[in-house]
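In: Quick one, what's the 3D model for this:
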Amino acid sequence: MDAVEIRISSDAPYFSQENQLFSHTYTLDFEWIERGQFWVMHLYDEVEQAIALGIKLMVDWPLFVLRRGESVTEFFLLAKTPNAQLNLATLHSNFILVAHALV
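Out: Have a look, this model is predicted:
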């Protein structure tokens, strides 16, 4: 199983980053939801068509399974340090997004 680590590029409460994953380009938007005190991720393809919106970020749990043709990619958010707490100030510094190619 191939895996790609995706560094979180900003500590802003809303930001976008472009990433190349398994021969495809994706735009990832990260948004802090103040009222609920959690992060969501929006995923777009190379022509900025929405693939998935409002994916709630949870640590050590499958966030989303992306199927494109015969390829399947699963996204996880992992802590860089033990017992890291996910909040507005820690996404950039204490967590990493990982994409696993399943097929």
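In: residue ranges with poor pLDDT in the protein?
Out: Filtered on pLDDT under 70, the chain yields the residue ranges 1, 103.
In: And the helices in it?
Out: For the chain, the helices defined by DSSP state H cover 91-94.
In: Tell me the residue in it that is farthest from the middle.
Out: Outermost residue of the chain with respect to the C-alpha centroid, by CA atoms, centre = their mean, is E70; its distance is 21.1 Å.
In: Ends of stretch 10-28, what's the gap?
Out: Its first and final residues considered, stretch 10-28 spans 12 Å by CA to CA, to the nearest Å.
In: should've said stretch 74-87
Out: 23 Å.
In: Make residue 1 into 8 and carry on from there
Out: With the count now opening at 8, the last piece we talked about shows up as stretch 81-94.
In: tell me which residues in that stretch are buried?
Out: 81-84, 93 (16 or more other CB atoms under 10 Å). C-beta: built from backbone N, CA, C; applies to glycine.
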